[in-house]
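J.: mind folding the following:
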Amino acid sequence: MGVLDGRAGVVTGGGRGIGRGHCLHLAEQGASVVVNDIDIDEASAVVDEITKAGGKASANKSDISTREGAQALVAQCVDEFGGIHAVVNNAGNVKDRTFLRMTDDEFMSVVKVHQGGTFMCSQEGALRMKEQGTGGAIVNTVSAAHFGNFGQTNYAGSKGAIASMTYTWALELARYGIRVNAISPTGSTRMSSTYKGPDGKDVELPYIDPTRNGAFVAFLCSDHANYVSGQIFGTGGERVVILEHPAYGNAMYKDGGWSTDDLVAGFENHMRKELEPLGIMSQPYPFHDGVKPPSS
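T.: Numbers count the residues shown, from 1 in each chain. Down below sits the predicted model:
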């Protein structure tokens, strides 16, 4: 007996890496799984793994960055398994380029898959869950890159948007019994090899089994997590870490408000030491000596 017996769900980008792990863990816990991947051979290989282990799964190659693809994916789950109870948005791509060199196509091609695909698949799934009256779970995927990562305006921006969508959907969909959370996974994949350090150079990361995020995804999709919504968790490896929501921090106040002259005179003394570190590698605040043009 698994915690997801009798449930059905879809996993986008489920043919490799982290997504494959999600599919295997969902199936292990009793869920019927539609394994989506634009590489149908990889999706089919995961289906074979699941069925050989006694689970239920089918392959899907829909392009989830389109409305038609999202509709087809959700419809396949409903048609083949009688309903849908979980949407796991994992599919992703990267087109790394520094901001001043990034083209419109490089920007939009990543936004369409990450932000657009997450929006459309979640909406199609939530509409079905509402119609069924069963409730369900949506699990999105963010990344530490949304803290800032060199050369990833498109990817980091999409992940930040997905975090904000997660908070919003949790508020809106609770009335239908639908919970919405996100994970920020860790694992060695083709995409993780693109990470850069704060100097823009490649960073060699240790190997981490990407399938080890799947157990927590299965938990989030189960009734054992029926009180968890609107949260983001760091997963994978040996960790489960809750990410703090964005919040206003230290403040300074002045009767009547601040003039520009007041800020010139007072901001440094009040706020210089409070400036936030930035970037995926969590370096100390790097600009205390000023950000100056090359001619300086």
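
J.: where exactly do the strands run in the stretch 101-250 of the chain?
T.: 136-141, 178-185, 232-236, 239-242 (DSSP state E, counting those that start in this stretch).

J.: just the pLDDT at residue 1, thanks.
T.: With respect to pLDDT, residue 1 has a value of 78.

J.: likewise for residue 288?
T.: 80.

J.: hang on, the earlier thing: packed most tightly, which of the strands of the stretch 101-250 of the chain would that be?
T.: strand 136-141 (a mean of 27; mean count of other C-beta atoms under 10 Å). In short, each C-beta sits where N, CA and C put it, glycine included.

J.: and the contacts of it?
T.: By C-beta atoms under 8 Å, 6 or more residues apart in numbering, the residues outside strand 136-141 that reach it are 9, 18, 84-90, 92, 118, 122, 125-126, 129, 159, 162, 165-166, 169, 173, 177-185, 217, 220-222, 225.

J.: and that strand, how far out from the chain middle?
T.: In terms of C-alpha atoms, centre = their mean, to the nearest Å, the centre of strand 136-141 is set 9 Å apart from its chain centre.

J.: what angle sits between the helix with the most length in the chain and strand 232-236?
T.: Identified as the longest helix of the chain according to DSSP state H is helix 153-173. On the basis of axes from the mean of the first three to the mean of the last three C-alpha atoms, to 10 degrees, helix 153-173 is oriented at 120 degrees to strand 232-236.

J.: got the strands of the stretch 101-250 of the chain as TSV, with distance to residue 248 and mean pLDDT columns?
T.: Below are the strands of the stretch 101-250 of the chain laid out as TSV (distance: least, C-beta to C-beta, whole Å; pLDDT from 0 to 100):
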stretch	distance to residue 248	mean pLDDT
strand 136-141	24	98
strand 178-185	22	97
strand 232-236	18	96
strand 239-242	19	96
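
J.: got CSV for the ones you listed, with distance to residue 294 too?
T.: CSV is the format used below for the strands of the stretch 101-250 of the chain (distance: least, C-beta to C-beta, whole Å):
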stretch, distance to residue 294
strand 136-141, 38
strand 178-185, 35
strand 232-236, 37
strand 239-242, 39
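
J.: just to revisit the earlier point, the longest helix of the chain - contacts with which helices or strands?
T.: Secondary-structure packing of helix 153-173 (3 or more C-beta pairs under 8 Å, 6 or more residues apart in numbering; DSSP states H and E): helix 104-111, helix 117-132, strand 136-141, strand 178-185.

J.: closest to residue 78 out of those?
T.: helix 117-132 (6.0 Å; C-beta to C-beta).
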